[in-house]
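Chemist: predicted structure and sequence below. I'll ask about it afterward.
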Amino acid sequence: MSIQRQPATTQVSHERAEGDRVRRRVELLVDITSRVGEYRDGLTPAAARLTDHEAAIIEGLERHGLDVLQLREVLWGGHVLIDDPDLYEQWRFPTSRERLSSHHKNVDKRQFPDLGLKGPLVREKLHGRTKTGTWLQFEKTPAAMGHGFRLPTWNDVLHLCDYVVYRITKSNVGPWGLSRQTERRPMYLSPAIASSVPVPPAALDELTAALERVEDADDTTSASPDLARHFPPPNRSSTAAELVLDPGTRNGRGMFGAADIHVHQGQVHDARRALDEARAAEPPRWTLPPTAPTGGRMTNAPTSADIPAETLANLVDLVETGPVLLGAYTLAEIDAVGAIEHLFEEKPAPALIAEAVRSLAARNLISTDRGCDELKVRGDLGIATAVQHRSRVAIDARVTGTEPDQPWRFILMPQPEGITLEVLIDALGIHSYSLRDHQQAIERLWERLPSGGRGPADADADALLERSPHTALVTVNRWDESGAHTSTDLVLAQEGGDCHAFVRSEQSPDTLVATGKDDDEWRALVLGATS
């Protein structure tokens, strides 16, 4: 038996392309980060000259949850802890050298010596092991301190000057500024901190009941409620299974956190009024005006939001290097800022919106200016809100037969620039946002839908939907410039090796009729409805 090996030239080309992608992504992140805050001169040219090793370090931090606010602290010299010991070896490069430092003295430095690396962006990167993971810090002045005797250099003198600045300011002296995130007050990424506590039976009953109410009541955003009732959120035997931690999913914080990137909502919303009333009221009062229902059908969005052109250009460039995560939010939080007001059949209860406003304000994701009718929606949520408002097409897919703690509903909102806002919704109604390349987002959607051979043209929809273990409702929503809405529905049911595709009857829209289309044909039908 022969083993097919990938040609060496092909592998080298792939590695070179991947290196270019990582460098470009890091350069864009630095560019976005540097727009807010004070930095020493030369940051942008240094980012344009960063090495593959420097890019790999920052991408490693990003994989462990680093956002643009934290990247600013890293560039300023912030001390970072990551509960991942593997990074210690991953960041040991051929150009790395052993260094002496005063950090984390409780670690055996003979077994895990501290490692230095020079580069145009990091200037001097220093990292080592902790008992549970890896620590890292960027320094302004490269130092050659190591084992053995040698005469001091001018860099050593400058490094000593940086130490004096640290002693006076209590701030690390980084390559591009000063950071208060010292070893005594470090930045902690991906901390392996958790505890298991016994929950009283009464509290457990309350928690389970609350989760069940969420499953029953949270799904209120369908353009086709008559069909959607056949595709409800999953009903698990144990609702608490939805809380299982699945690493890499339901990321509560996105790349931009509460960064000073914000969009303005054109009209006063529940959140705006709630913040104003909270300012005027004596603590601890917190009230909300009554919220009127939308009448059970989709209406045109009464608000508008714009992304600054420069921010949009950066986002498009960043998506070309990989997905941009924008965090996870509840339906009430999304409604509090009017993000998908045009999609609601009925609005969340005012009490839920009140709590959502408090949560968003606590995370600095929303703010207002006194005397102004605009609400600032900041960072990740601001970007997600603005993208939703500028969308004229939304592909909404509901899927049955999903596993616990996995999304069961998928919404794609394509943008003219070739990127798409992807929203993954789980049984608890938690919406996880990300920006992706449009073609990649479409392919991810196809993978989640039923597939198979061509179903017969005389198939019975009701019978198949009743017995199929894997079904889906795909609704393509379109809005014109006036806000008028139209929708196209496609129902899929998998049985054996076949995938049956149904659409509404033109003569009787309440009836589903089989199309006899295969996978390529019904996918073309979906894409055709978006154009």
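Modeler: Arrived safely, thanks for sending.
Chemist: okay, CA-based contacts and neighbour counts for the rest of this
Modeler: OK.
Chemist: for the most centrally placed residue in the chain, list each beta-bridge partner.
Modeler: Centroid check for the chain by CA atoms, centre = their mean gives Leu325 as the closest residue, at 2.4 Å. Counting by DSSP bridges, Leu325 forms beta bridges with Ser434.
Chemist: tell me where the stretch 351-500 of the chain has helices.
Modeler: Along the stretch 351-500 of the chain, counting by DSSP state H, counting those that start in this stretch, helices occupy 379-390, 438-448, 461-467.
Chemist: those: which one's closest to Ser190?
Modeler: helix 379-390 (19.2 Å; CA to CA).
Chemist: show me what that closest one is packed up against.
Modeler: Where contact means 3 or more CA pairs under 8 Å, 6 or more residues apart in numbering; DSSP states H and E, helix 379-390 is packed against strand 262-265, strand 324-329, strand 419-425.
Chemist: could you dump those to CSV with mean pLDDT and distance to Asp335?
Modeler: Converted to CSV, the helices and strands packed on helix 379-390 look like this (pLDDT from 0 to 100; distance: least, CA to CA, whole Å):
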stretch, mean pLDDT, distance to Asp335
strand 262-265, 57, 13
strand 324-329, 89, 10
strand 419-425, 94, 15
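Chemist: turn those into JSON lines, including distance to Trp76.
Modeler: Formatted as JSON lines, those follow (distance: least, CA to CA, whole Å):
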{"stretch": "strand 262-265", "distance to Trp76": "23"}
{"stretch": "strand 324-329", "distance to Trp76": "24"}
{"stretch": "strand 419-425", "distance to Trp76": "32"}
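Chemist: follow-up on the earlier one: just name the most buried of the helices of the stretch 351-500 of the chain.
Modeler: Comparing the helices of the stretch 351-500 of the chain by mean neighbour count (mean count of other CA atoms under 10 Å), helix 379-390 ranks first with a mean of 24.
Chemist: residue ranges of the helices in the stretch 101-250 of the chain, please?
Modeler: 154-169, 201-217, 225-228.
Chemist: weakest of these in terms of mean pLDDT?
Modeler: Mean pLDDT is lowest for helix 201-217 among those, at a mean of 63.
Chemist: before we move on, the earlier item: which one of the helices and strands packed on helix 379-390 lies nearest to Ala55?
Modeler: strand 324-329 (16.9 Å).
Chemist: could I get the helix or strand that comes right after the closest one in CSV with only the CA atoms?
Modeler: Following strand 324-329 in sequence order, the next helix or strand is helix 331-336 (DSSP states H and E). Provided in CSV are the C-alpha atoms of helix 331-336 (Å, rounded to 0.1, in the frame of the first residue of the first chain):
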residue,chain,number,x,y,z
LEU,A,331,-32.8,38.4,23.0
ALA,A,332,-33.7,41.0,25.6
GLU,A,333,-30.3,42.6,25.3
ILE,A,334,-30.6,42.7,21.5
ASP,A,335,-34.1,44.2,21.7
ALA,A,336,-33.0,46.8,24.3
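Chemist: identify the residues contacting stretch 68-82?
Modeler: Here stretch 68-82 makes contact (CA atoms under 8 Å, 6 or more residues apart in numbering) with 29-30, 32-34, 39, 64, 122, 133-140, 172-183, 185-191, 255-259.
Chemist: how about 7 Å then?
Modeler: 29, 33, 133-139, 172-183, 186-191, 255-256, 259 (CA atoms under 7 Å, 6 or more residues apart in numbering).
Chemist: same check, this time on stretch 517-531
Modeler: Outside stretch 517-531, the residues that touch it by CA under 7 Å, 6+ apart are 393, 451-454, 476, 488, 501.
Chemist: and if you look at stretch 445-462?
Modeler: Against stretch 445-462 from outside (CA under 7 Å, 6+ apart): 399, 470-472, 492-494, 497-500, 512-519.
Chemist: for that stretch, list the C-alpha coordinates in PDB.
Modeler: Extracted C-alpha coordinates of stretch 445-462, given in PDB (Å, rounded to 0.1, in the frame of the first residue of the first chain):
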ATOM      1  CA  LEU A 445     -25.200  26.800   6.600                       C
ATOM      2  CA  TRP A 446     -25.400  24.000   4.000                       C
ATOM      3  CA  GLU A 447     -23.400  21.700   6.400                       C
ATOM      4  CA  ARG A 448     -26.100  22.200   9.100                       C
ATOM      5  CA  LEU A 449     -29.100  21.500   6.900                       C
ATOM      6  CA  PRO A 450     -30.500  18.200   5.800                       C
ATOM      7  CA  SER A 451     -29.000  16.800   2.600                       C
ATOM      8  CA  GLY A 452     -29.400  13.700   0.400                       C
ATOM      9  CA  GLY A 453     -30.800  12.400  -2.800                       C
ATOM     10  CA  ARG A 454     -33.700  13.900  -4.700                       C
ATOM     11  CA  GLY A 455     -37.000  13.200  -3.000                       C
ATOM     12  CA  PRO A 456     -40.100  12.300  -5.100                       C
ATOM     13  CA  ALA A 457     -42.400  15.000  -6.400                       C
ATOM     14  CA  ASP A 458     -45.500  13.500  -4.800                       C
ATOM     15  CA  ALA A 459     -44.100  13.300  -1.200                       C
ATOM     16  CA  ASP A 460     -46.500  14.100   1.600                       C
ATOM     17  CA  ALA A 461     -45.100  17.000   3.700                       C
ATOM     18  CA  ASP A 462     -47.100  16.400   6.900                       C
END
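Chemist: mean confidence for that stretch?
Modeler: 91.
Chemist: how much space between the nearest residue to Glu495 once chain neighbours are set aside and Ala336?
Modeler: Once flanking residues are discounted, Glu495 sits nearest to Ser468: 5.8 Å by CA to CA, 6 or more residues apart in numbering. Per CA to CA, to the nearest Å, Ser468 is found 37 Å from Ala336.
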